[in-house]
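any chance you could fold what I've pasted below:
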Amino acid sequence: HPKAVAIRVVAASGLVIAANRIEGVEADTKFVGAILVSTSPGDNPPNPGDGQPENISGTLWVANNDIDLQGTAAGTSLGILVFAVGKSPDQEVDLYVSGNNLRNSTERPVNIYAVGGRAYIERNVITTTGGAGVNVMPSGDVIHIVGPGWYLIAHNTIDCAWASGMQTGIRLQTRPDQPVSYAIVVDNDVN
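Down below sits the predicted model:
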């Protein structure tokens, strides 16, 4: 019965998180998450310059995990979060978020901020349940990408049943002095 986050990583040179089954995370903070890979202070999305992204480098795999967050309208439950990892040019990351099955989150099942390197978000199946989507600014997106990095988002299946209509299936967003470096979004099935 993990509390707040089931798997948390703050430093690694190469990493594999694969073939895990996560069923629910007990809330003891304002949000819960299944997998958090972050150098950002306080487990929050980083502001420009936050964190120590050089502490996480190399090839990072978050693959083939079965995650049922069992989220309800009473709380905020997120899936895979990656914040402030890799530093260009000599401590970059190659991040693979691939083949995961994510269900029943109330906010951002895949949430990635500030990648120093490349991120491949492919072949994930993401299903949200009706009514429980949290509206955060700018929205409670299903796949949410912010800031620098090179991104390939491909072959994902997204079925979003959040009732408010404020969410998007896939959002890439820049911030002041942190533009998305390069992105390819192709062959995703979004409902």
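
where does this structure dip in pLDDT?
29, 43-44, 73, 130-139 (pLDDT under 70).

hmm, try it at 80
1-2, 27-30, 41-49, 72-75, 129-140, 162-167, 177 (pLDDT under 80).

contacting residues around P53?
Residues in contact with P53 (C-beta atoms under 8 Å, 6 or more residues apart in numbering) are 39, 84-87, 91, 114, 116. Quick note: C-beta positions are derived from backbone N, CA and C, even for glycine.

give me the packing partners of the strand ranked longest in the chain, helices and strands only.
The residue-count maximum for a strand in the chain (DSSP state E) belongs to strand 76-85. Taking 3 or more C-beta pairs under 8 Å, 6 or more residues apart in numbering; DSSP states H and E as the contact definition, the neighbouring helices and strands of strand 76-85 are strand 31-38, strand 56-63, strand 93-98, strand 110-115.

got the CA coordinates for the first one in PDB?
Below are the C-alpha coordinates for strand 31-38, written out as PDB (Å, rounded to 0.1, in the frame of the first residue of the first chain):
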ATOM      1  CA  PHE A  31      -1.500  14.300  -5.300                       C
ATOM      2  CA  VAL A  32      -0.500  10.600  -5.900                       C
ATOM      3  CA  GLY A  33       1.500   9.200  -8.700                       C
ATOM      4  CA  ALA A  34       2.500   5.700  -9.900                       C
ATOM      5  CA  ILE A  35       6.000   6.400 -11.200                       C
ATOM      6  CA  LEU A  36       7.900   9.700 -10.500                       C
ATOM      7  CA  VAL A  37      11.400  10.300 -12.000                       C
ATOM      8  CA  SER A  38      12.400  13.800 -11.000                       C
END
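
what are the pairing partners of it, and which direction each?
Next to strand 31-38 in the sheet, as set by DSSP bridges, lie strand 5-9 (parallel), strand 76-85 (parallel).

what is the subsequent helix or strand relative to the shortest one?
On the C-terminal side of strand 5-9, the closest following helix or strand by DSSP states H and E is strand 12-18.

follow-up on the earlier one: is it possible to export the helices and strands packed on strand 76-85 to JSON lines including mean neighbour count and distance to G79?
Shown next, in JSON lines, are those (neighbours: other C-beta atoms under 10 Å; distance: least, C-beta to C-beta, whole Å):
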{"stretch": "strand 31-38", "mean neighbour count": "25", "distance to G79": "5"}
{"stretch": "strand 56-63", "mean neighbour count": "21", "distance to G79": "10"}
{"stretch": "strand 93-98", "mean neighbour count": "23", "distance to G79": "10"}
{"stretch": "strand 110-115", "mean neighbour count": "26", "distance to G79": "6"}
